[in-house]
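J.: I would like to see how this sequence folds:
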Amino acid sequence: VFDNCKCVAASSIQPANLTATLGQCLPRSNCDKVFPYFMALSVLSSFIISLGGTPGFMLLIRCIKPELKSLAVGIHTLATRTLAGIPAPIYFGAIIDTTCLKWGYNTCGGKGACRIYNTSAYRIVYLGLTLGLRAVSFFLCIWGFSLLKKHIKTEEKKALTNGNGELESLRKEENSSIDCEPFILTSGYSADRETHL
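T.: Residues are numbered from 1 along each chain as shown. Below you'll find the model as predicted:
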């Protein structure tokens, strides 16, 4: 692959001053300087994205009735694996294939793997798709949080109009999902049976 080439015969410059060599162009000299910035930005963005994992899971657990929590976690895991794990390699592969410059051929004459990628286009396509997917998920989370906030406010308003008793029961139900259930001591419990280390 040649870069910034001119036709030697049609050039106004003396042909003796022009040379062309077979092979890929050498990388630019500033690549090594840009890589640490890319790594720092990548680590920072991964850290910020992962900060939402635990609060999102806590939100899932707190919004579900206690008897449905295990089902909710199972459906959440299934949806995550199905909607993210299966189609992601397909659309990432399809969009990366658009940046191929030279395709190889297999022994039967069909199209094989890509031999040379346009690295500039590859970078833009790959990072652009990642950024776009993260932006969509961020806006969906904001939308979900705003819906949840509206729902909580309407529940509290409804509880206030029906009297303080319903508000107290609503808050007790909320607190019961946070607190651990107390230990139940049976009649066969004895302090002498405890194991001391």
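
J.: going forward, measure contacts and count neighbours with C-alpha atoms only.
T.: OK.

J.: Doesn't residue 108 belong to a strand?
T.: No: looking at residue 108 with DSSP: H, G, I helix; E, B strand; the rest coil, it is coil, so not inside a strand.

J.: How many residues are close by it?
T.: Using other CA atoms under 10 Å, the number of residues around residue 108 comes to 7.

J.: What's the mean pLDDT across the helix or strand hosting residue 133?
T.: Assigning secondary structure by DSSP states H and E places residue 133 in helix 119-161. Computed over helix 119-161, the mean pLDDT rounds to 86.

J.: for that helix, packing partners?
T.: Secondary-structure packing of helix 119-161 (3 or more CA pairs under 8 Å, 6 or more residues apart in numbering; DSSP states H and E): helix 87-97, helix 164-178.

J.: if we go to 6 Å?
T.: Contact partners of helix 119-161 among helices and strands, from 3 or more CA pairs under 6 Å, 6 or more residues apart in numbering; DSSP states H and E: none.

J.: Next, the angle helix 87-97 makes with that helix.
T.: On the basis of axes from the mean of the first three to the mean of the last three CA atoms, to 10 degrees, helix 119-161 is oriented at 150 degrees to helix 87-97.

J.: quick one: contacts for residue 112?
T.: 104-106 (CA atoms under 6 Å, 6 or more residues apart in numbering).

J.: Three-state assignment for it, please.
T.: What three-state DSSP gives for residue 112 is strand.

J.: Quickly note the distance from it to residue 126.
T.: Noted for residue 112: a distance of 21 Å to residue 126, by CA to CA, to the nearest Å.
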